[in-house]
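S.K.: quick check, what structure comes out for this input:
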Amino acid sequence: MDEDKKNKEPATPEKSDTTGEKVTISSHPPPMVLVAEDNNVVRRGLTNFLNKWGYEPIEAETGDEAMAAIEANPDLRLAILDWNLPGLSGMQICQRVRTRPGNYIYIIMFSARKSAQEQIMALDGGADDYLTKPSKPSILRARLGVGRRIIETAINKS
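M.R.: Numbering: from 1, shown residues only. Next comes the predicted model:
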């Protein structure tokens, strides 16, 4: 048998999603993503995209629910937080997550706040990325991919 063929990993199965994009099917459990958003339509839309992209969304309608979900899911490593949540705000969640022990959570602040000053405040306050609403799903997907690569690299090095 050819040496190159022997050492190749088996191909990862793929399927096409409704937009024609190739979606990889993995034997690993899908990564969990916290979706903390008080607008039901936006939250369900995000959840639908995350499911399509191979993630396992965990929904929270309030900041308090989001914090409870973080505490209840120690393997959670990705989060999309709305800044303006009832109860704890997205900024307060960022600050609590950054001061607690445990696994690092890559946080994307997803907000209608568009000013540069507010974006800087969110990044200085603990968010890893900032995305303004409305946003193209492809941009969110790419930014989640960045977070996933960073988290997986950190896990593999530890």
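
S.K.: contacts and neighbour counts: CA atoms only from here.
M.R.: Fine.

S.K.: return the distance of residue 38 relative to residue 46.
M.R.: According to C-alpha to C-alpha, to the nearest Å, residue 38 stands 12 Å off from residue 46.

S.K.: name the element residue 64 belongs to?
M.R.: helix 63-72 (DSSP states H and E).

S.K.: from the chain's centroid, how far away is that helix?
M.R.: Computed by C-alpha atoms, centre = their mean, to the nearest Å, the chain-centroid distance of helix 63-72 equals 15 Å.

S.K.: and the next helix or strand past it?
M.R.: Past helix 63-72, the next helix or strand by DSSP H and E is strand 78-81.

S.K.: kindly provide the whole-number mean pLDDT of that next one.
M.R.: The predicted model assigns strand 78-81 a mean pLDDT of 97.

S.K.: shift numbering so it begins at 724
M.R.: Sure, I'll start numbering at 724, so the last one becomes strand 801-804.

S.K.: about what we covered before: can you pull the buried residues of the helix holding residue 787?
M.R.: 786-790, 792-793 (16 or more other C-alpha atoms under 10 Å).

S.K.: confirm residue 831 sits in a strand?
M.R.: Yes: under DSSP: H, G, I helix; E, B strand; the rest coil, residue 831 sits within a strand.
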